[in-house]
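No sequence on hand, only this structure:
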């Protein structure tokens, strides 16, 4: 059964509530050589990292994933603690300074003493174990839903890329077919051209060996033969079509195949002694480059 092609780009957002706490996951995916997850969670929920990484690895194989978890809590009643030991020491010290200085300085004020670091401590009441466990479970379930939405977004984009790739493969095949037609007539064209050149050389001098010229002509024709390159291009076309049809995580395979396409197109251009064939080779390179750009986006 064919597996859909997935793009490596996508976005998903899932939000929810647990009791009076609101949470929201945002997942952004872009191209990457492997699977790289960059996670940012709210303080106090660092323990979810291992679990959410395992969830992501089960559904995504490639891409750079930015996962952000936002938490919105209502204001909580805080407990105010006063360090009476420090406060008493400050009061005593302030009184001694005032007695010594007399009316030259004002006595210490209550707000001034309370503002001294360490005198007053404001402590937020922590969640109880049940609330913390419930919020953690809700956040993990939300992440699973966000990954599902991200996979769907990547699949939709992947279907679009697959259509473009199919069109590009068809375009490559069309150009290979045009090259086949030209190549079929090249032996006669090359034979006529070499024959004219040999006759011109022989008419100008008797020092040329006709047999040696014949051998050189055969060697020249062999070097100009691009049948092998066209056969390999057709084999690559068949392979690329099968990969796209089978689907799955084929990005690396298609990237390698695009490089092979380009290698054969380069050889075709370098061997060509026909203007039309050279133009087809250059046109092939353009389509192959466009194909490689699309392939970079596939998982």
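Received, thanks. Just so we're clear, the structure is a prediction, and the values are computed from it rather than from any experiment.

Which residues are in contact with residue 68?
Neighbouring residues of residue 68 by CB atoms under 8 Å, 6 or more residues apart in numbering: 25-26, 40-41. (Glycine included, C-beta is placed from N, CA and C.)

what two of these are the furthest from one another?
Put simply, by CB to CB the two of the contacts of residue 68 set farthest apart are 26 and 41, 11.6 Å from each other.

More neighbours: the two, which one.
residue 41 (20 against 16; other CB atoms under 10 Å).

any idea of the pLDDT on the closest residue to the more buried one other than its chain neighbours?
Spatially, and ignoring its direct neighbours in sequence, residue 41 is nearest to residue 69 (4.3 Å; CB to CB, 6 or more residues apart in numbering). pLDDT, residue 69: 95.

tell me the mean pLDDT over stretch 91-105?
In this model, stretch 91-105 has an average pLDDT of 71.

hang on, residue 118 packs against residue 83?
Yes: contact criterion CB atoms under 8 Å: residue 118 and residue 83 qualify, at 6.0 Å.

Out of the helices and strands in the protein, which is least certain?
helix 210-223 (a mean of 58; mean pLDDT, DSSP states H and E).

by contact count, what packs against the next helix or strand after it?
Tracing the chain past helix 210-223, the next element assigned as helix or strand by DSSP states H and E is helix 227-246. Judged by 3 or more CB pairs under 8 Å, 6 or more residues apart in numbering; DSSP states H and E, helix 227-246 is in contact with helix 129-204, helix 251-271.

List the contacts of residue 4.
155, 158-159, 162, 247.

ok, and the most crowded of those?
residue 158 (23 neighbours).

Secondary structure element holding the residue lying closest to residue 40 once chain neighbours are set aside?
Closest residue in space to residue 40, ignoring its immediate chain neighbours: residue 68 at 4.9 Å, by CB to CB, 6+ apart. For residue 68, the host element (DSSP H and E) is strand 63-72.

Sheet-wise, list the partners of that strand with their directions.
strand 21-30 (antiparallel), strand 35-40 (parallel) (DSSP bridges).

what's the closest non-adjacent residue to residue 151?
Per CB to CB, 6+ apart, closest to residue 151 is residue 59, 5.4 Å.

tally of neighbours for residue 275?
Residue 275, neighbours per other CB under 10 Å, totals 9.

gap between it and residue 134?
Remark: distance between residue 275 and residue 134 (CB to CB, to the nearest Å) = 75 Å.

do the same with residue 270
From residue 270 across to residue 134, the span is 68 Å (CB to CB).

out of these two, which sits in the busier spot?
residue 134 (15 against 11).

Does the more buried one touch residue 19 like I think?
Yes: applying CB under 8 Å as the test, residue 134 and residue 19 come out as touching, 7.3 Å apart.

Please name the residues that touch the residue nearest the centre of the chain.
Centre of the chain computed as the mean C-alpha position; nearest residue by CA atoms, centre = their mean is residue 31, 0.7 Å away. By CB under 8 Å, 6+ apart, the contact list for residue 31 reads 8-9, 63-64, 296-297.

Those into CSV, with extra columns for neighbour count?
Converted to CSV, those look like this (neighbours: other CB atoms under 10 Å):
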residue, neighbour count
8, 24
9, 18
63, 26
64, 17
296, 12
297, 21
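
which of those residues lies closest to residue 148?
Nearest to residue 148 among the contacts of residue 31 is residue 63, at 15.2 Å by CB to CB.

Could you check which of residue 118 and residue 83 has the larger neighbour count?
Neighbours of residue 118 and residue 83, each counted by other CB under 10 Å, are more numerous for residue 83; the result is 14 against 10.

my guess is that one contacts residue 116, does it?
No: contact criterion CB under 8 Å: residue 83 and residue 116 do not qualify, at 9.7 Å.

on that earlier part again, and the residue nearest to residue 151, what's its pLDDT?
Residue 59 carries a pLDDT score of 94 in this model.

Count the residues that sit near it.
There are 13 residues near residue 59, going by other CB under 10 Å.

which SSE is the closest residue to residue 261 other than its chain neighbours in?
Using CB to CB, 6+ apart and skipping residues adjacent in sequence, the residue nearest residue 261 is residue 288, 4.6 Å away. If you go by DSSP H and E, residue 288 is part of helix 275-295.
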